[in-house]
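In: Structure here, sequence nowhere to be found:
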Ligand SMILES: Nc1ncnc2c1ncn2[C@@H]1O[C@H](COP(=O)(O)OP(=O)(O)OP(=O)(O)O)[C@@H](O)[C@H]1O
């Protein structure tokens, strides 16, 4: 069980004739021993670069990486004792599953044959590979390849485990099963783990804490609930949540409201000085259909009735952005229907229009 710490970690890619790329711009992060941290962000935000620097597959431009309190930046990858399960599996096609697993151990040190065989059996049992130990990678399903890749990372008994988009090549059914297995294995073995993903569902369901990244920087670090319930800025609010949060430009009024248009106003969650330009964020599940007296008049553009709930798209008079509203399963709406909607001020987010930072 080991703590992992990143201090002011930076990476600038420099290639002759091309402008430098600041892929990672000063990351500070401490993982508690046994913690599973999800590194979540859109393509190009620097997730893989961070992972590769920790693994020792990429040099660092600045900062430090500490495993169990000791700096590892000057050590080559083989001497870091960090297990990586890659997105593309990186298995050796001519070798069987058992040989792929053993390869990791043998490459590391001259291991005793009996010892290697025992370790292969142990890990195969843990990760449910016993029946396919003699198969070759080409004959395996994506889920099985994923488990072999994970087992190969685990067999070295690493101090830190790095998982690169572990579920991205799996279909929906396999993803659910593998996600549960991954969580169980990580809990049982207690590895300090970073899981890199662009899939919010994967991060929200697996991680103890999530670091949301954008442009090489961490935007917010917190538990899945903190990230979802109190997003630090517009980017995090918009990136996490499905269907996405409704974002509405507004101007604050003297009586504690935000004006969306000449006729549409919503109560603010916090007192703010009048005349301030803000961005309101309201999740579709925090909007509801209401009676005529209480709500804002709206017009239905479309309604998707789903099994457990529906999603109505509505417009408010004078407001450009359409709003998504989660509806109860029994609700039936048609294009052009007139409805009224309300928002609970306690669940409304308010951000500075210019910086995007939360004002709560
Ligand atoms: N070897 C490289 N040389 C130059 N630029 C690179 C190199 N590798 C990555 N980059 C750039 O660094 C930035 C971060 O890339 P990185 O792959 O770390 O992001 P990512 O969040 O993992 O994205 P993805 O999910 O698409 O892999 C991007 O702008 C990318 O184009």
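Out: Thanks, I have it. Since the model is a prediction, treat every value here as computed from it, not as a measurement.
In: What score does the residue in the stretch 251-360 of the chain positioned nearest to the ligand have for pLDDT?
Out: Nearest to the ligand, among the residues of the stretch 251-360 of the chain, is residue 356, at 19.8 Å (Cβ to the nearest ligand atom). For every residue, glycine as well, the C-beta is placed using N, CA and C. In this model, residue 356 is scored at 97, pLDDT.
In: For the residue nearest in space to the middle of the chain, which non-adjacent residue is closest in space?
Out: Note on the chain: the residue nearest the mean C-alpha position is residue 40, at 3.2 Å, using Cα atoms, centre = their mean. Of all residues not flanking residue 40 in the chain, residue 203 sits nearest, at 4.3 Å (Cβ to Cβ, 6 or more residues apart in numbering).
In: Now do the contacts for that neighbour.
Out: Going by Cβ atoms under 8 Å, 6 or more residues apart in numbering, residue 203 touches 38, 40, 195, 197, 210, 224.
In: any chance of these in TSV, with distance to residue 337 and pLDDT too?
Out: Converted to TSV, these look like this (distance: Cβ to Cβ, whole Å; pLDDT from 0 to 100):
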residue	distance to residue 337	pLDDT
38	40	96
40	37	96
195	43	95
197	39	93
210	38	98
224	35	96
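In: Point out the ones among those residues that are inside helices.
Out: residue 224 (DSSP state H).
In: what's in contact with the helix or strand hosting residue 102?
Out: Using DSSP states H and E, residue 102 sits in helix 97-108. Helix 97-108 is contacted by residues 78, 91-92, 95, 111, 116-117, 119-120, 123-124, 129, 132-137, 140, 148, 151-153, 155-156 when judged by Cβ under 8 Å, 6+ apart.
In: okay, now whatever residue of the stretch 51-200 of the chain ends up closest to the ligand: neighbour count?
Out: Residue of the stretch 51-200 of the chain nearest the ligand, by Cβ to the nearest ligand atom: residue 198 (5.3 Å). Look at residue 198: counted by other Cβ atoms under 10 Å, it has 18 neighbours.
In: Go ahead and confirm it touches residue 40.
Out: Yes - counting by Cβ atoms under 8 Å, residue 198 does reach residue 40; the two are 7.1 Å apart.
In: Overlap in contacts, these two.
Out: residue 47.
In: can you point me to the longest helix in the chain?
Out: helix 172-189.
In: How far does it sit from its chain's centre?
Out: Centroid displacement of helix 172-189 relative to its chain, using Cα atoms, centre = their mean, to the nearest Å, is 16 Å.
In: Buried residues of it, list them for me.
Out: Neighbour counts using 16 or more other Cβ atoms under 10 Å place 174, 175, 178, 179, 181, 182, 185, 186, 189 of helix 172-189 among the buried residues.
In: What of stretch 245-257?
Out: 245, 246, 247, 248, 250, 252, 257.
In: Put together CSV for the residues you listed, with distance to the ligand and pLDDT on each row.
Out: Below are these laid out as CSV (distance: Cβ to the nearest ligand atom, whole Å; pLDDT from 0 to 100):
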residue, distance to the ligand, pLDDT
245, 22, 97
246, 26, 97
247, 23, 97
248, 29, 96
250, 32, 97
252, 36, 97
257, 39, 94
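In: These in strands, which ones?
Out: Within the buried residues of stretch 245-257, membership in strands is found for 246, 247, 248, 250, 252, 257, as judged by DSSP state E.
In: ok, back up a step: contacting residues around the residue of the stretch 51-200 of the chain closest to the ligand?
Out: 40, 41, 42, 43, 47, 165.
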